[in-house]
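Asks: Fold the following.
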Amino acid sequence: MTSQPIVVVTGVAGFIGSAVSEALMTKGRKVVGVDNLNDYYSVELKRARLDRIQSRFGDSFHFEQLDFSDAAALTRAFVPFEIESIVHLGAQAGVRYSLENPQAYVQSNLAGHVNMLELARARGVGHMVYASSSSVYGGNQKVPFSVDDRTDNPVSLYAATKRADELMSETYAHLFRIPLTGLRFFTVYGPWGRPDMAMWKFAERILSGRPIEVYNNGDMYRDFTYIDDIVAGVVACLERPPRDDGQMKPGGSVKPHALYNIGNHRSEHLMRLIAVLEEACGRKAEMRMMPMQPGDVQRTFADIDALSRDTGYAPTTAIEEGVPKFVNWFRNYTGS
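Replies: Numbers count the residues shown, from 1 in each chain. As a prediction, this is how the structure comes out:
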């Protein structure tokens, strides 16, 4: 690493974090990535993502294996670096796992988020973009979901921690005038994706001839968003910190704190996704119909007008294009 100011990316071994880091370094930025490489899902996959980054970008990339919920370790790690901005994507993800291991969410998503805000404050960081989630909308019936909608009825602990992150960020923007942008991600998929998500599970089971579990008897809708579209939106936001001008930002803050939905602006029926997956895999799925799962929601649908207006965000990848790209990658990665 040179003395050039760096971008900190947390969750760098994760799906979105690794992709955002590659995009930043392609644009000439230096990245210091943070990840604790926990075993919530395959550590081998996380290391493969890191190896890919290191081989492509060499000295532009530096990796720190640490848990950002450890404030002292986080502070120590960044003493040598001049931090220009932060992309805080690391978190304990997953709605269903929050029913089994709530403490992991408290540690990573609450304590960890405060630690990143404290790092930004202590180091005078120019802008921190952080990951929120479409899950903050809970069981809202009005669609598409707007950043102006109420978000005070979470239906999972994961959702509650993500909404808490937004509220803590608002406090730091108020007290310390730190420019902050929260992104409510809608069902991200694509190459190098996550094994705990439906797209991966379905592809794995269809290709191996095992039944897939289809929740709510298939009557589910998701705003599936391809990774390249997500990355373009994250990078565009990072380059546009909210101004401390007293004007109202998306999400309602008059502080330097904006909230955006980042999705595809298309709510796809789950059975349509399965049909596209079947075609890409060249096999029919055996389906096991299941009831709705605790903490899940029936429909997500992103209103992306604010993000499009402010950054020019314009997703271009429909599932008919993105799903085959994922399946091709999945076959190559798994040898299936």
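
Asks: quick one: contacts of stretch 186-198?
Replies: By Cβ atoms under 8 Å, 6 or more residues apart in numbering, the surrounding residues in contact with stretch 186-198 are 14-16, 18-19, 40-42, 45, 49, 52, 93-94, 97, 134, 199-201, 204, 222-228, 230, 261-264, 273, 300, 302, 322-323, 325-326, 329-330. Where C-beta positions appear, they are placed from N, C-alpha and C, glycine not excepted.

Asks: quick one: which of those sit in strands?
Replies: In this view, these that belong to strands under DSSP state E are 222, 225-226, 261-262.

Asks: quick revisit: could you flag which of the contacts of stretch 186-198 are buried?
Replies: Buried subset of the contacts of stretch 186-198 (neighbour count, 16 or more other Cβ atoms under 10 Å): 14-16, 18-19, 40-41, 45, 49, 93-94, 97, 134, 199-200, 204, 222-228, 230, 261-264, 273, 300, 302, 322-323, 325-326, 330.

Asks: those helices in the stretch 101-250 of the chain, which residues are they?
Replies: Listed from the start of the chain, the stretch 101-250 of the chain has helices (DSSP state H, counting those that start in this stretch) covering 102-105, 112-122, 157-176, 198-207, 227-238.

Asks: Remind me what the third one packs against, helices and strands.
Replies: Contacts of helix 157-176 with other secondary structure elements, assessed using 3 or more Cβ pairs under 8 Å, 6 or more residues apart in numbering; DSSP states H and E, are made with helix 97-100, helix 102-105, helix 112-122, strand 128-133, strand 180-185, strand 257-262.

Asks: go again using 7 Å as the cut-off
Replies: If contacts are counted by 3 or more Cβ pairs under 7 Å, 6 or more residues apart in numbering; DSSP states H and E, helix 157-176 sits against helix 102-105, helix 112-122, strand 128-133, strand 180-185, strand 257-262.

Asks: Any buried residues in it, and which?
Replies: 157-166, 168-170, 172-173, 176.

Asks: per-residue confidence averaged over that helix?
Replies: The pLDDT scores in helix 157-176 average 97.

Asks: try the shortest one
Replies: In this model, helix 102-105 has an average pLDDT of 94.

Asks: Equivalent analysis for the fourth one, please.
Replies: When pLDDT is averaged over helix 198-207, the result is 96.

Asks: can you give me how far it is from the chain middle?
Replies: In terms of Cα atoms, centre = their mean, to the nearest Å, the centre of helix 198-207 is found 20 Å from the chain centre.

Asks: Only alpha carbons, please: show it as PDB.
Replies: Presented in PDB, the C-alpha positions along helix 198-207 are these (Å, rounded to 0.1, in the frame of the first residue of the first chain):
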ATOM      1  CA  ALA A 198     -32.600 -19.000  -2.300                       C
ATOM      2  CA  MET A 199     -30.900 -18.600  -5.600                       C
ATOM      3  CA  TRP A 200     -27.900 -20.700  -4.600                       C
ATOM      4  CA  LYS A 201     -29.900 -23.300  -2.700                       C
ATOM      5  CA  PHE A 202     -32.300 -23.700  -5.600                       C
ATOM      6  CA  ALA A 203     -29.600 -24.100  -8.200                       C
ATOM      7  CA  GLU A 204     -27.700 -26.500  -6.100                       C
ATOM      8  CA  ARG A 205     -30.700 -28.700  -5.500                       C
ATOM      9  CA  ILE A 206     -32.100 -28.600  -9.100                       C
ATOM     10  CA  LEU A 207     -28.700 -29.500 -10.500                       C
END
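
Asks: pLDDT below threshold where in the protein?
Replies: Scanning the chain for pLDDT under 70 picks out 1-3.

Asks: give me that answer again for 80
Replies: Along the chain, segments meeting pLDDT under 80 span 1-3, 95, 295.

Asks: what helix or strand is Phe57 on?
Replies: helix 43-57 (DSSP states H and E).

Asks: if we can go back for a sec, please produce a markdown table containing the ones in strands among the contacts of stretch 186-198, extended by distance to Phe57.
Replies: Listed next are the ones in strands among the contacts of stretch 186-198 as a markdown table, based on distance: Cβ to Cβ, whole Å:
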| residue | distance to Phe57 |
| --- | --- |
| Arg222 | 32 |
| Thr225 | 25 |
| Tyr226 | 22 |
| Asn261 | 30 |
| Ile262 | 24 |
